[in-house]
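Enquirer: I need the structure of the sequence given here:
(3 chains)
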Amino acid sequence: MPRHWLLRTRKGALAVLLLASCVGLAFAEGPQRTPSIFAPASTPAGQIQSLSWFVLEITGSIFVVVGGLLTFVVIRFRARDTDDNREPAQIYGSNQVELAWTVIPVLIVVVLFLTTARVIFAIQDAPKPKAALDVTVVGHQFWWEYRYPDLGIVAANELHVPLSSTQDPKPTYLQLLSADVDHSYWVPQLSGKVDLIPNHPNELWIDPLHPGVYLGQCAQFCGVQHANMLLRVYVDTPDQFAAWVKNQQQPGVQDPAVAAGRRVFETQACMNCHAVRGTAATGRFGPDLTHLMSRDTIASGAVPNTSGNLRQWIKNPDSLKPGSLMPAMQLSDTQLDQLTAYLETLK
Amino acid sequence: MADRTLPIHGALDLTPPREREGTILDTLHDWVVTVDHKKLGIMYMILAIFFMLVAGAEAICIRIQLALPDNHFLSPQVFNRFFTMHGTTMVFLTGIPLIFGFANYMVPLQIGARDMAFPRLNAFSFWVTLFGGLLLYYSFLGGSGLYGMGNAPDVTWWAYAPLTARAFSPGHATDYWALALIVTGIGTLGAAVNVIATVISMRCKGMTLMRMPLFTWLMLVDSGLLLVTITPLTAAQVMLVIDRYLGGHFFDTQAGGSALVWMHFFWIFGHPEVYVLVFPAFAIASEVIPVFSRKAIFGYPAMVAASVGIAFVSLGVWAHHMFTVGMTSVSNTFFVLSTMLVGIPTGIKIFNWLATMWGGKIRFQVPMLFCTAFLFQFLAAGLTGIMLSVAPWDWQLHGSYFVIAHFHYILVGAIVFNTFAGIYYWFPKATGRMMNQTLGKWHFWLFLIGFHVTFDTMHFVGFEGMPRWIYTYPADRGWSHLNLVISMGGIIQGIAVLIFAYNLLSSLFVGKIAGNDPWDAWTLEWSTSSPPPDYNFATDPVVGSRRPLWDLKHPEDPDWKYEA
Amino acid sequence: MSAIPLTPHVSDERPWHLPYRGRIGMYCLIIGESAIFTIFVVAYIFYIGKSLYGPTPQQVLEVPIFNSICLLSSSLTIWLAERNLEHRKMNLFALWWGLTIVLGMIFLVGTGLEWYKLIYKDGLTISTNLFGTTFYSLVGLHATHVIFGLCGLSLVLIFTLTGKVKEEHAPKIEVLALYWHFVDAIWVVVFTVVYIIGR
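Expert: Sure, this is the predicted structure:
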């Protein structure tokens, strides 16, 4: 049996080797915080995954069959040196064959379409249980605002939701709004994405079945720092969630030790954009800072929430997120130290 | 490689090419004032290849930036301009000029005409397109000044509202985008009108519509589709300019306007546009595959019907680009169905090409190598398209690198591959010289490997949640290795394209003399000299079948005996 | 010009007549322009009733009956002109052709007067609200096409009056007349959408 032509030539063998090593490299990465669509942790994402496996099976089979035929044709009917100069038999067409390869794809389409329609309605028109939690998400350039209307909470950038289960569903319904341009809410392990479009409210629901932190990011280009409009969704156990809610409902900590920093905050125009509940600061343009220290990251996930990063962010936002809409306020080093100390009390 | 003498002396111009006297300036003048379809065809091709190299360089820069996480090779501002310009350039300054480069050169020759229907409109369309391209690229220098790297458009090639409103895009970047494309749109419209009028009104005697080469059929359908495709974009861009300059509110969400209106209008253009771009690939495949398989195309009427079908159905699928914007479940379902349906005539074409090769004696010379790769790649791309048509799965994959992989599989894997096939196939006709076949094979294999290294891998990084339009990504996402691999493939493709460019240029001077019919083909263009004389045909041809030269070469078994 | 057939066995004795390329070109232009108008009409219809403030169509629009009659009659006059050209009655051709231009001009003047009233009396401009934006864009787009048409028609009139136009130019004149009919047909659509449906 003659070896496959691909393996017969040195060039072919090199091609196969290169391709194989690339595929190998692709899967060689260890498990990281990869937001894979094939690692669902919520019902909508799970339904999508089941559907996608089904579709992959069908399209994969089509590829194998047609690709196989193509490969066969390429090998079997290639011109050989031993050929005479006669042209092969000219076949102009066949109505039966055309009919056959029209009808079969139509049938495949019917099957795919019906399966798809079922999942569309299951996700988009799912009835909303009474126990559902409502959160309003407002997209901004380049951060996320979260409002829990029933709990009286305003937060930013890191979403906390309660754990749900199939026996006792406690989904979270996100109402998606935008304050400026188009954005898109994409946390692959929890659900498909839905866009945030100004003047066009949308809705997205998740019912996370495993606790943990799930990563995602804005998926519709929204300007210079679209890449750093990251998402972190914290799926809390009931106790964790209750504790978080209780903390978020408190007004801002008033520590007299950092009064100097608080004065900087209120006189250096920070309060024009930011809010700290319980103080005179009620700005809405930037994230609510009442419980800033309850977050793991700042600048919508761009950098971890450490003392150094916080100070650097206030000093010069562009150094961490070039093009973000927060201006550098030209503060002195003393002011920066005081301000950072104040903000670090806002737990 | 047969080059038989054809007993059609009257149609052949045997006078030797006249000695070109005159200075370089004379030659330049000749080309600048020309209305000859062959020269304009070549000028369109040069424009397309030039902008393809520019956009390719932008892509290489993008891939260098993304090769590593948290990279600082390009600033976010420059990155956003580069990917916007890469997409805009490839679609409007490479993809569309390629259509008219091939169509202008080959359609009159294939239908036995002396020129296009409107030669002066032809020249006008070319120069307007070039001007639009230069206007677009002037944005790097002009606009609001030389701040950073100028003010090239940076709003993605979709230019979604309200990001493009004055409030969110101050400065002139978006204006360059809108105005330059309105200008090139005028050129495109003119060229499309020209192709249609030529095909309808200038065919030689005996060439009924059902005897035209499939290449010409596809250019006709393509141009017809363009009439109703490019115009919605022009309308939407005029609306955008009205919003930005006259205080209009078409897309002003603060005044009750709708961001979705832009989306609908853009995709009513945008989806048929991608079929417009891929039709030349189909056209070239329908010429190269039969000739190199030594068989007539299988199912000519079905191929015509499928092409027309694709054009019509493609007008009804646009909102599959909008599955995530919050349309109702019923609307989403409709567009799932229409999108899946457009896959059927497309599949039929693949099967017909396959059947053409079946039972043939396939010669794997360079054009056929590219067409064979096209068949595999287009099949895969169509299947990833079916995956994306499944709306719930699209809710995950939309706006991710999976989509980029899918459409590059078509744009590069189908269109660029077949463009190379077409160039290797018709370069001998246009210049009288063969391109170097050894360099061609190096070009092919390197490009094939680079293409697959980049775009096969890209599907997976999309599965892993990497979205589009991001200038960098954190190291802990697990995307780093895949991105490095993708970037390396880009470098390999770049090298392959440089080999091609060298081959193209050097063959002009040292390529083997081709003769009239180096591939032993069957359509009318191969009955002329290489290159053809200015007037194409000494006497008007008369044809009686789809393959007039086959009939002449095989008088014992002519096509017209089998055609209805 | 004798033609040497490439397939000498074929007996295609039917005369070979293909449509006039000018007419095909104009049909293509009309199809493309129709697509542009469709987009503006769709935007107009979508935004009916959606303005948040400012004058509404009901408040400020008056149905331009006279204007429309003038424009639509110009289709009749141009058709009459063409008939006269076919019969080589150059004076009558020039008369009806000139009348077409006059009717087109009346339409433009009427539109200008309407806009004057809307802008200065009613305070409706293209930037006032959604109604203003979509109204001036759609009606303005149509008016622009009327202007282009009148330019072409005037050019032909000048050539006629200087004796350059002959009966054999009829196909080309017919192509221009086709464009003019298109402009009138578009007005029927715009009129219906703006002054009937939208009010």
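Enquirer: from chain A, how far off is B:Thr84?
Expert: As judged by Cβ to the nearest Cβ, to the nearest Å, B:Thr84 and chain A stand 9 Å apart. Every residue, glycine included, has its C-beta placed from N, CA and C.
Enquirer: for A:Tyr214, phi and psi?
Expert: Phi and psi for A:Tyr214, reported as degrees, to the nearest 10, are phi -120, psi 130.
Enquirer: okay, now the unreliable bits of the stretch 151-300 of chain A?
Expert: Within the stretch 151-300 of chain A, no stretch has pLDDT under 70.
Enquirer: who in it is up against chain B?
Expert: A:176, A:180-182, A:184, A:186, A:188, A:191-195, A:197-200, A:202-203, A:215-227, A:230 (Cβ under 8 Å from any Cβ of the partner chain).
Enquirer: now the buried members of these.
Expert: A:176, A:180-182, A:184, A:186, A:188, A:191-195, A:197-200, A:202, A:215-227, A:230 (16 or more other Cβ atoms under 10 Å in any protein chain shown).
Enquirer: next step: these restricted to strands.
Expert: Applying DSSP state E to those, the entries found in strands are A:Leu176, A:Ser184, A:Trp186, A:Val194, A:Asp195, A:Asn202, A:Leu215, A:Gly216, A:Gln217, A:Cys218, A:Leu230.
Enquirer: nearest to chain B, of these?
Expert: Nearest to chain B among these, counting by Cβ to the nearest Cβ, is A:Asn202 at 3.8 Å.
Enquirer: beta partners of the closest one?
Expert: A:Leu176 (DSSP bridges).
Enquirer: test my guess that it contacts A:Leu176.
Expert: Yes - assessed by Cβ atoms under 8 Å, A:Asn202 is found in contact with A:Leu176 at 4.3 Å.
Enquirer: give the buried residues for the helix or strand in which A:Thr71 is found.
Expert: Element membership of A:Thr71, judged by DSSP states H and E, is helix A:43-76. Using 16+ other Cβ under 10 Å as the test for burial, helix A:43-76 gives A:43-49, A:51-52, A:54-55, A:58-59, A:62-63, A:66, A:69-70, A:73-74.
Enquirer: still on that earlier bit, tell me the two of the ones in strands among the buried ones among the residues of the stretch 151-300 of chain A next to chain B that are most distant?
Expert: A:Asn202 and A:Leu215 (21.3 Å; Cβ to Cβ).
Enquirer: domain map for chain A?
Expert: A:1-28, A:256-343 (automatic domain parsing).
Enquirer: closest to B:Asn536 out of those?
Expert: Nearest to B:Asn536, of these and by Cβ to Cβ, is domain A:1-28 at 40.6 Å.
Enquirer: tell me the mean pLDDT for that closest one?
Expert: What domain A:1-28 shows for mean pLDDT is 55.
Enquirer: OK, contacts around C:Tyr195?
Expert: Applying Cβ atoms under 8 Å, 6 or more residues apart in numbering or on different chains to C:Tyr195 gives the contacts C:Leu61, C:Val63, C:Pro64.
Enquirer: buried subset of those?
Expert: Looking at these with 16+ other Cβ under 10 Å, the buried ones turn out to be C:Leu61, C:Pro64.
Enquirer: which among the contacts of C:Tyr195 gets closest to B:Asp456?
Expert: C:Leu61 (59.1 Å).
Enquirer: secondary structure of B:Trp522: a helix, I assume?
Expert: No - assessed with DSSP: H, G, I helix; E, B strand; the rest coil, B:Trp522 is coil; it does not lie in a helix.
Enquirer: what's the neighbour count on it?
Expert: 24 (other Cβ atoms under 10 Å in any protein chain shown).
Enquirer: for B:His72, give its distance to A:Phe221.
Expert: B:His72 is 20 Å from A:Phe221, where distance means Cβ to Cβ, to the nearest Å.
Enquirer: quick revisit: okay, and the common contacts of A:Asn202 and A:Leu176?
Expert: A:Val194, A:Asp195, A:Leu196, B:Gly326.
Enquirer: mind picking the two most distant members of those residues?
Expert: Greatest spatial distance among the shared contacts of A:Asn202 and A:Leu176 (Cβ to Cβ): A:Leu196 and B:Gly326, at 9.4 Å.
Enquirer: these two - which one has more neighbours?
Expert: A:Leu196 (31 against 20).
Enquirer: OK, contacts around the closest residue to the more buried one other than its chain neighbours?
Expert: Counting by Cβ to Cβ, 6 or more residues apart in numbering or on different chains, A:Gly139 is the residue found nearest to A:Leu196 once chain neighbours are left out, at 3.8 Å. For A:Gly139, the contacting residues are A:Glu145, A:Leu176, A:Leu177, A:Ser178, A:Ala179, A:Asp180, A:His183, A:Tyr185, A:Leu196, A:Cys218, A:Cys222, by Cβ under 8 Å, 6+ apart.
Enquirer: give the contact list for the residue of the stretch 51-200 of chain A at minimum distance from chain C.
Expert: Closest approach between the stretch 51-200 of chain A and chain C, counting by Cβ to the nearest Cβ: A:Asn199, at 10.3 Å. Residues in contact with A:Asn199 (Cβ under 8 Å, 6+ apart) are B:Thr253, B:Gln254, B:Gly256, B:Gly257, B:Ser258, B:Ala259.
Enquirer: ok, so of these, who is nearest chain A?
Expert: So of these, ranked by how close each gets to chain A (Cβ to the nearest Cβ), first place is B:Thr253, at 4.0 Å.
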